[in-house]
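Visitor: Pasting a predicted model and its sequence here:
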Amino acid sequence: METLITTFSFVFFTGLVGIITVLLTRGDQHSTSAGYFLAGRTLTGGYIAGSLMLTNLSTEQLVGLNGAAYQDGICVMAWEVVAGMSLVIMALFFLPRYLKSGIATIPEFLEKRFDERTRSITSFIFIIAYAGILLPIILYTGATGMIGILDLRNMLGLGDVATVMGINTDTFLLWAVVWLIGVIGSIYAIFGGLRTVAVSDTLNGCGLLVGGALIVWYGLTAINDNPLAALETLKEAEPQKFNSIGGPNSSVPFSTLFTGVLLLNLFYWTTNQQIIQRTFGASSLKEGQKGVLLAGFLKILAPLILVLPGIIAYHMFHETLPMGDKDQAYGKLVQKVLPPQFAGFFAAAIMGAILSSFNSALNSTATLFSLGVYQHLIRPTASEQEVISSGKWFGTIIALTSMTVAPLLAGQDSIFGYLQKMNGLYFIPIFAVLLIGLLTKRVPAFAANFALIVGFLTIAFGYFGPGILEHLAERALQNGVPLPKSLQFIYPLTIEHSVLNFSSLLAGPFREFHFLGVVFASLIGMMIVIGRIAPLATPYEQQDSGAVDMTSWPLAWPVGIVLVLVVLAIYGYFADFTVLWNAAGT
């Protein structure tokens, strides 16, 4: 009976979202690229905020961030709370410049500021990153997260079943959930365009907020019938988990908030095509700013469903669930506290979050290909309908490829721990180039293109070079081959007085996030120097495309200031800086 109720509530909510989305978007015009890729520039603040939030939320955060909170406590809220400040900067600085240019993609803006080569390089970087890494990972982590959080095997009555249709049950479930998510997400993204994605995101967002709040409510009431009393119990029992200041050994040390964490957040919310494409579809600057700032307030509330459950799980399971299995914390909490009658609804809410991330990334990939590759490089004379058709075909191919590749990632869990780090490979160079493009008028295209290539190679070497060199050095020493003195620093285990161990430098106090900050600052400095040596003969002046009404929202600055003050107040309320002083004294 419980399985029947779960299935019915899942199908009902998922179907309801689909029906409402169709009713709200059935009159949309998809005959032009602006209509298909930018929702005809008709999105209002509510849809923009909802779509921004749901595109960002996925099982990676539900599982990963709550797992990090299980280990490190509330300090991991940095990824969510700092995003609030990034969205203020987006609303007040970046968005007016984007909408003024009338662009559909970030590479398009870079072409206007620099040249065609800059656009081509960034278009290919985004497409490869989304199609080759992001989409399969969204599907795989989404499917495995959904299976684990909801215990789908037992929920569907397959607990004791070894095979289904001759296929191992776990393998069958993985493929089935991946293709279920992929097919539904593809329908929204490919056949509906950006407005369909934004509307479905907003509806699914309401479901996820309710579902996430249910987990917090039932988690707290499992500790004490009074949720407020339960919070006090948590704070008294686990005071170390309620410090917003991350120590040097936490996953988010406090000092990294001012370097890599800040830069990755700024790129993600101001430059990442997958995220900000819906802001390009704003009906006006006023509506765009409303949506972005509303998303900022929602982000600073996100720790309630993305961090607090991890602390609740620690309180309940820390004696039985080791830190090495911290990513299982959220699933164990859901299985323990969620009443069976809500399981189907929560499953639909989780799938909605996964769908949102998938269909947004797929829509952005199709947009980048159609406008940045097909129309720009392959067929410059293509009609509007041909451009849209190319996006649909490319999106279909990428979707099918992702759905096929995603299940094959099973057993390769280690690659997902590096996902945030891998983002730095292209996040940092592109963001540095974009910022120079916005803040300067005479830095030439050569500087931007050189920075893109040098930045990518530098970060790649910083990530992979030391490990490769140490491996080669170890093999050489094992084979009795002496190392040249110039290379002895890479293998300090055999050198008594090593000058430098670059690999441990990145993994130790220097931290990968600080490394990204140094690379970013170096790229900025390099481009400024090139701009001084060989400046543009004619300074760049941004032209108003007239695409939308550029009247600012009168409350944008006051609301932005309030949002920043709220972020600082949250950090101040939970701050205990003694964790830094104690670490410095040891």
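Guide: That came in fine, so what should we check first? Quantities reported herein were computed from a predicted structural model and do not represent experimental measurements. Residues are numbered from 1 along each chain as shown.
Visitor: How about Met77: what's its closest non-neighbour residue?
Guide: Nearest non-adjacent residue to Met77, counting by C-beta to C-beta, 6 or more residues apart in numbering: Pro303, 4.1 Å away. Heads up, the C-betas are built off the backbone N, CA and C, glycines and all.
Visitor: same deal with Leu298?
Guide: Met53 (5.2 Å).
Visitor: Please give the number of neighbouring residues around the one you found.
Guide: Residue neighbour count, defined by other C-beta atoms under 10 Å, stands at 23 for Met53.
Visitor: give me phi/psi at it?
Guide: phi -70, psi -50 (degrees, to the nearest 10).
Visitor: Relative to Ser356, how far out is it?
Guide: Note on Met53: its distance to Ser356, by C-beta to C-beta, to the nearest Å, is 9 Å.
Visitor: so what sits against both of the two?
Guide: Common neighbours of Met53 and Ser356, counting by C-beta atoms under 8 Å, 6 or more residues apart in numbering, are Asp201, Gly205.
Visitor: Flag the shaky bits of this protein, pLDDT-wise.
Guide: 1-3, 27-39, 411-421, 466-512, 579-586 (pLDDT under 70).
Visitor: The stretch 1-150 of the chain: helices as residue ranges?
Guide: For the stretch 1-150 of the chain, helices defined by DSSP state H, counting those that start in this stretch occupy the ranges 2-25, 33-37, 45-56, 59-72, 78-89, 95-101, 106-113, 116-129, 135-150.
Visitor: by how many degrees do the third one and helix 78-89 diverge?
Guide: Spelled out, that is helix 45-56. In terms of direction (axes from the mean of the first three to the mean of the last three C-alpha atoms, to 10 degrees), helix 45-56 departs from helix 78-89 by 150 degrees.
Visitor: Now helix 45-56: buried residues?
Guide: Across helix 45-56, burial judged by 16 or more other C-beta atoms under 10 Å covers Gly45, Tyr47, Ile48, Ala49, Gly50, Ser51, Leu52, Met53, Leu54, Thr55, Asn56.
Visitor: and which of the residues you listed is nearest Glu232?
Guide: Within these, the smallest distance to Glu232 is 29.3 Å, found for Met53 (C-beta to C-beta).
Visitor: before we move on, back to that, wouldn't the residue nearest to Met77 be in contact with Cys75 here?
Guide: No: judged on C-beta atoms under 8 Å, Pro303 makes no contact with Cys75 at a distance of 10.5 Å.
Visitor: okay, stretch 175-183 in PDB with CA atoms only?
Guide: Below are the C-alpha coordinates for stretch 175-183, written out as PDB (Å, rounded to 0.1, in the frame of the first residue of the first chain):
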ATOM      1  CA  TRP A 175      20.000   3.100 -16.000                       C
ATOM      2  CA  ALA A 176      16.300   3.500 -15.500                       C
ATOM      3  CA  VAL A 177      16.600   6.600 -13.300                       C
ATOM      4  CA  VAL A 178      19.200   8.200 -15.500                       C
ATOM      5  CA  TRP A 179      17.100   7.800 -18.600                       C
ATOM      6  CA  LEU A 180      13.900   8.900 -16.800                       C
ATOM      7  CA  ILE A 181      15.600  12.100 -15.800                       C
ATOM      8  CA  GLY A 182      17.300  12.600 -19.100                       C
ATOM      9  CA  VAL A 183      14.200  12.100 -21.300                       C
END
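Visitor: And the contacts of it?
Guide: Applying C-beta under 8 Å, 6+ apart, the external contacts of stretch 175-183 come out as 139-140, 142-143, 146-147, 152, 167, 351, 354-355, 358, 399, 402-403, 406-407.
Visitor: So which bits of it are buried?
Guide: For stretch 175-183, a neighbour-count test (16+ other C-beta under 10 Å) marks Trp175, Ala176, Val177, Val178, Trp179, Leu180, Ile181, Gly182 as buried.
Visitor: And for the last one, nearest residue in space, chain neighbours not counted?
Guide: Take Gly182 and drop its neighbours on the chain: the residue closest to it by C-beta to C-beta, 6+ apart is Met403, 3.9 Å away.
Visitor: got the buried residues for the helix or strand Ala329 falls within?
Guide: Ala329 is part of helix 329-337 when elements are defined by DSSP states H and E. Across helix 329-337, burial judged by 16+ other C-beta under 10 Å covers Ala329, Tyr330, Gly331, Lys332, Leu333, Val334, Gln335, Val337.
Visitor: Please name the spatially closest residue to Leu362 (chain neighbours excluded).
Guide: Ala189 (4.3 Å).
Visitor: Oops, could you answer that again for Phe342 instead?
Guide: Here the residue nearest Phe342, using C-beta to C-beta, 6+ apart, is Leu214, at 6.0 Å.
Visitor: Please verify my assumption that the one you found contacts Leu338.
Guide: Yes: judged on C-beta under 8 Å, Leu214 makes contact with Leu338 at a distance of 6.9 Å.
Visitor: Return the alpha-carbon coordinates of the helix or strand harbouring the residue nearest to Gly182 using PDB.
Guide: Assigned by DSSP H and E, Met403 belongs to helix 384-405. What follows is helix 384-405, C-alpha atoms only, in PDB (Å, rounded to 0.1, in the frame of the first residue of the first chain):
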ATOM      1  CA  GLU A 384      16.300  31.900 -37.600                       C
ATOM      2  CA  GLN A 385      14.500  28.600 -38.100                       C
ATOM      3  CA  GLU A 386      17.700  26.900 -39.100                       C
ATOM      4  CA  VAL A 387      19.500  28.200 -36.100                       C
ATOM      5  CA  ILE A 388      16.800  26.900 -33.800                       C
ATOM      6  CA  SER A 389      16.700  23.600 -35.500                       C
ATOM      7  CA  SER A 390      20.500  23.200 -35.200                       C
ATOM      8  CA  GLY A 391      20.100  23.800 -31.400                       C
ATOM      9  CA  LYS A 392      17.400  21.200 -31.100                       C
ATOM     10  CA  TRP A 393      19.400  18.600 -33.100                       C
ATOM     11  CA  PHE A 394      22.600  19.300 -31.200                       C
ATOM     12  CA  GLY A 395      20.700  19.200 -27.900                       C
ATOM     13  CA  THR A 396      19.200  15.900 -28.800                       C
ATOM     14  CA  ILE A 397      22.600  14.400 -29.700                       C
ATOM     15  CA  ILE A 398      24.200  15.700 -26.500                       C
ATOM     16  CA  ALA A 399      21.300  14.500 -24.400                       C
ATOM     17  CA  LEU A 400      21.400  11.000 -25.800                       C
ATOM     18  CA  THR A 401      25.200  10.900 -25.400                       C
ATOM     19  CA  SER A 402      25.000  12.000 -21.800                       C
ATOM     20  CA  MET A 403      22.300   9.500 -20.900                       C
ATOM     21  CA  THR A 404      24.400   6.700 -22.400                       C
ATOM     22  CA  VAL A 405      27.700   7.900 -20.700                       C
END
